[in-house]
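In: Below are the sequence and a predicted model; questions follow.
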Amino acid sequence: MNSEDSKNATLLEVQTHAMYFLRQHGVPAQTAVHTTMGQLMSMEEIDCGHGTQTYCVRLLTYLPGKTIAESPVTRQDLFKVSKLAAFVDKTLQQLVSPNLDVLQKMEGTRWSLSSIPLTEGYLSVMDGDPLQVVVRAVIQQYKLYVQPKISSFQKGILHGDLNDQNILVTPVENGSHEVSGLLDFSMLMNDCYVFEVAIIIAYMMLENPSPLDVGGAVLAGWESIMVLNEDERDSLFLLVLGRLCQSVVYGRHNAKKKPDNKYILTTAKNGTRLLNKLWELGKKEVERKWFKDASTFPVS
């Protein structure tokens, strides 16, 4: 791990333990191989050219497959992805560690969907862009209609970053896929389950040629394991738009600092297109599509 992330050894320990725990419950997560001393990670002092610093060192198992961003996934594939995500979060309810409180501190981070209003502080990167008006409107709607409902949202430990680069799939018969890996547990946090659903919908739409077909499949997959309550369902549209706003605004902010980072620029570009489309269609029409599509999946 880099020297900055390595500073929080307790958080890394919980993340590593969670990956190992999920693997034991049949989830295709990477797991750390025990060191000769029987540990899942080791803190080592190394000089990488900038003086001696402490680094967390782990040996992680290999997972096969390609990212969803690289794979032409079907609606049934998205159902399976979301069902697995719900299974992961439900399984994490059983996670035991004396240090789980560190995950509580992750809740208010910039990328949490409870922190969507924080994007206002970065909106200068969009000066002159008409999309800035849409982002401001989404933030305002979030404050009015989502924030008052957060206390009624179901909470627990979530992966927190199930984007199209962090899910691996392998092809099976009839052009469909199986999930072969979940990557990157660095955003593991104690937060609202509906945030996980919104994040999956937002990122699965990014590379999908029919983005409006994504929401229903994801919602149906999730609710086959954990059912959303009325407030959560009513907030889903604005939460998805909120994540796209975060992606676009922070993407442009980071691109200014790291102009060579193609991943940041791609995500921000696709997020811009989606945000415009969803805002233009509006909450009522998009929700009608999502909820109708979700009802077409068999309950199992």
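Out: Noted; the coordinates are in hand.
In: quick one, domains of the protein?
Out: Under automatic domain parsing, the residue ranges defining each domain of the chain are 1-62, 64-295.
In: Please work out the average pLDDT along the last one.
Out: Summarised as a single mean, pLDDT over domain 64-295 is 92.
In: switch to numbering from 44
Out: OK, 44 is where the count begins now, so the last one is domain 107-338.
In: which stretches of the chain form strands?
Out: With DSSP state E as the criterion, the chain has strands at 85-90, 95-100, 109-110, 198-201, 210-214, 220-225, 232-235.
In: What pairs with the third one, parallel or antiparallel?
Out: Spelled out, that is strand 109-110. Partner strands and pairing direction for strand 109-110 (DSSP bridges) are strand 210-214 (antiparallel).
In: CA-only coordinates of the partner strand, as PDB, when you get a sec.
Out: Taking only C-alpha atoms (Å, rounded to 0.1, in the frame of the first residue of the first chain), the coordinates of strand 210-214 have been written out as PDB:
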ATOM      1  CA  ILE A 210     -16.200  -5.800 -10.300                       C
ATOM      2  CA  LEU A 211     -14.700  -8.600 -12.400                       C
ATOM      3  CA  VAL A 212     -16.800 -10.900 -14.500                       C
ATOM      4  CA  THR A 213     -16.100 -14.000 -16.700                       C
ATOM      5  CA  PRO A 214     -18.200 -15.100 -19.700                       C
END
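In: Check this protein for its longest helix and report it.
Out: Secondary structure of the chain per DSSP state H: the longest helix is helix 273-300.
In: Lys109 and Val212 touch, don't they?
Out: Yes. Lys109 is within contact range of Val212, at 6.6 Å (criterion: Cβ atoms under 8 Å). Where you see a C-beta, it was placed from the backbone N, CA and C, and this is true even at glycine.
In: And those two? Which one has more around it.
Out: With neighbours defined as other Cβ atoms under 10 Å, Lys109 and Val212 compare such that Val212 has more, 22 against 15.
In: Tell me the spatial nearest neighbour of the more buried one, not counting adjacent residues.
Out: Sequence neighbours aside, His220 is the residue nearest to Val212 in space, at 3.9 Å (criterion: Cβ to Cβ, 6 or more residues apart in numbering).
In: Report the beta-bridge partners for that neighbour.
Out: Partner residues in beta bridges with His220: Pro214, with DSSP bridges as the criterion.
In: Could you check how far it is from Thr110?
Out: Distance, His220 to Thr110, by Cβ to Cβ, to the nearest Å: 11 Å.
In: Quick check: which of the strands of the chain is buried the most?
Out: strand 232-235 (a mean of 24; mean count of other Cβ atoms under 10 Å).
In: what lines up beside that one in the sheet?
Out: The sheet places strand 232-235 alongside strand 198-201 (antiparallel), with pairing taken from DSSP bridges.
In: got the CA coordinates for the partner strand in PDB?
Out: The C-alpha trace of strand 198-201 is given here as PDB (Å, rounded to 0.1, in the frame of the first residue of the first chain):
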ATOM      1  CA  LYS A 198     -27.600   1.100   7.900                       C
ATOM      2  CA  GLY A 199     -24.700  -1.300   8.100                       C
ATOM      3  CA  ILE A 200     -21.200  -2.000   6.700                       C
ATOM      4  CA  LEU A 201     -21.000  -1.600   3.000                       C
END
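In: Distance from the chain centre to it, please.
Out: The gap between the average C-alpha position of strand 198-201 and the chain average comes to 13 Å, counting by Cα atoms, centre = their mean, to the nearest Å.
In: repeat for stretch 236-248
Out: Counting by Cα atoms, centre = their mean, stretch 236-248 is centred 6 Å from the centre of its parent chain.
In: just the CA coordinates of it, formatted as CSV?
Out: This file holds the C-alpha atoms of stretch 236-248, laid out as CSV (Å, rounded to 0.1, in the frame of the first residue of the first chain):
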residue,chain,number,x,y,z
TYR,A,236,-27.5,0.5,2.3
VAL,A,237,-29.4,2.5,-0.3
PHE,A,238,-26.2,4.4,-0.9
GLU,A,239,-24.6,1.1,-2.1
VAL,A,240,-27.6,0.5,-4.5
ALA,A,241,-27.3,4.1,-5.9
ILE,A,242,-23.5,3.8,-6.4
ILE,A,243,-24.0,0.5,-8.3
ILE,A,244,-26.7,2.0,-10.6
ALA,A,245,-24.6,5.1,-11.3
TYR,A,246,-21.5,3.3,-12.3
MET,A,247,-23.1,0.4,-14.1
MET,A,248,-24.8,3.0,-16.4
